[in-house]
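sequence isn't available, so here's the structure alone:
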């Protein structure tokens, strides 16, 4: 399980990854952005903010935690 903080949804050449802020490696890999967002949102109740990035790396959306 990931510790509290921010989770980023980032585009990679082979799909979308869910990555904890400051981590060297991605936590999970997905074919679609929507799948990655769904997983990341499941951590909102545990104190995580979700940062969704566009394909160019800029921030598209910040989803605040519900904790």
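Cool, the structure landed. Please read these numbers as outputs of a predicted model, since none were measured by experiment. Residues are numbered from 1 along each chain as shown.

what is the mean pLDDT for the host helix or strand of residue 10?
Element membership for residue 10, per DSSP states H and E: strand 6-12. Average pLDDT, strand 6-12: 95.

for whatever helix or strand comes next after that strand, buried residues please.
Per DSSP H and E, the first helix or strand lying C-terminal to strand 6-12 is strand 15-20. Buried residues in strand 15-20, defined by neighbour count with 16 or more other C-beta atoms under 10 Å: 16-20. The C-beta positions use only the backbone N, C-alpha and C, and glycine is treated the same way.

where do the strands sit along this structure?
6-12, 15-20, 28-30, 49-53, 59-63 (DSSP state E).

on that earlier part again, who does the strand holding residue 10 pair up with?
Using DSSP bridges, the strands paired with strand 6-12 are strand 15-20 (antiparallel), strand 49-53 (parallel).

nothing else from me, thank you.
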